[in-house]
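Novice: after the sequence you'll find the predicted model.
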Amino acid sequence: MIAPYIIMGLLGLLALMLASHALGFILWKLHKLFFLINWLLWVAYNPMRFFWKKKNSSFPYASFRFFQFTLILPLYWIFIHALTTPLRIINALYNVSRIV
């Protein structure tokens, strides 16, 4: 029962990859947009990255543990991953089209 859905999903993915390869010129013109999406995803996954890089301070460890134990950090990561999944799929298709 599940096999037809898997086959249709793979065929749909193949069609998207072929379409992105055929429209490669347009994608190349939009490459700055994809780099911007990549940067936004990088910042969204860990917005406190710059605060947690202080090596001579206990702030990074204490704040990480605080956010982790209050469940702010896990809930934020789940929310961000759920929110950015469509962008990650679009970005992945763009990267695959550059390789193909």
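Specialist: Alright, I've got the coordinates. Note that the structure is a prediction, hence the values are computed from the model and not measured.
Novice: and residue 70, how close does it get to residue 91?
Specialist: Here the distance between residue 70 and residue 91 works out to 31 Å (C-beta to C-beta, to the nearest Å). Using the backbone N, CA and C atoms, a C-beta is placed for each residue, glycine as well.
Novice: can you check residue 34 too?
Specialist: Remark: distance between residue 34 and residue 91 (C-beta to C-beta) = 6 Å.
Novice: before we move on, what about residue 8?
Specialist: To residue 91, residue 8 is 23 Å away according to C-beta to C-beta.
Novice: these two: which is more packed in?
Specialist: Set side by side, residue 8 and residue 91 show more neighbours around residue 91, with 16 against 10, by other C-beta atoms under 10 Å.
Novice: need the nearest residue in space to that one, chain neighbours excluded.
Specialist: Take residue 91 and drop its neighbours on the chain: the residue closest to it by C-beta to C-beta, 6 or more residues apart in numbering is residue 37, 5.5 Å away.
Novice: what's the per-residue pLDDT of that neighbour here?
Specialist: Model confidence at residue 37, expressed as pLDDT, equals 83.
Novice: and it, what does it touch?
Specialist: Residues in contact with residue 37 (C-beta atoms under 8 Å, 6 or more residues apart in numbering) are 87, 90, 91.
Novice: what's the closest of those to residue 57?
Specialist: Within the contacts of residue 37, the smallest distance to residue 57 is 33.1 Å, found for residue 87 (C-beta to C-beta).
Novice: tell me how many other residues crowd that closest one.
Specialist: The burial count assigned to residue 87 is 15, neighbours taken as other C-beta under 10 Å.
Novice: likewise for residue 74?
Specialist: Taking other C-beta under 10 Å as the criterion, the count of residues near residue 74 is 12.
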